[in-house]
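A.B. asks: coords below, sequence missing:
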């Protein structure tokens, strides 16, 4: 839809191990580049901005104390940044073929939609 400028969602921290009062500092450290949470990095690597915490979003998420992380993608100008894994992460990676280190959001979404059997008409965006 050409009228859509951004998309929001709520995600969670994958690697957080702390108390409810420490979650904001953990997210702030991720945003500042001091640490790298796997799930937050997935989103921020593709251009999502962390907006704020969402208390009581998912009460069953005990590790995050029920709190979600509100993210926002500006879908028309997002590109991913190259990702360089840590030594620990590198051991778990499966080699990929023909993967560009930088892809626009439109390219990524188009590939995903095509894999699910939906053609994307770039003239109708």
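C.D. replies: Done, it's in. All values derive from a computational prediction rather than experimental measurement.
A.B. asks: residue boundaries of the strands in the protein?
C.D. replies: 6-11, 49-54, 68-74 (DSSP state E).
A.B. asks: Pull up the pairing partners for the second one, direction included.
C.D. replies: This points to strand 49-54. strand 68-74 (antiparallel) (DSSP bridges).
A.B. asks: sorry, back to before: can you lay out the strands of the chain as CSV showing distance to residue 121, mean pLDDT and mean neighbour count?
C.D. replies: Heads up, the C-betas are built off the backbone N, CA and C, glycines and all. Below are the strands of the chain laid out as CSV (distance: least, Cβ to Cβ, whole Å; pLDDT from 0 to 100; neighbours: other Cβ atoms under 10 Å):
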stretch, distance to residue 121, mean pLDDT, mean neighbour count
strand 6-11, 19, 93, 14
strand 49-54, 28, 96, 15
strand 68-74, 21, 94, 19
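A.B. asks: And those: which comes nearest residue 117?
C.D. replies: strand 6-11 (21.5 Å; Cβ to Cβ).
A.B. asks: Quick one: low-confidence residue ranges for the protein.
C.D. replies: Within the chain, the segments meeting pLDDT under 70 span 1, 77-105, 116, 124-125.
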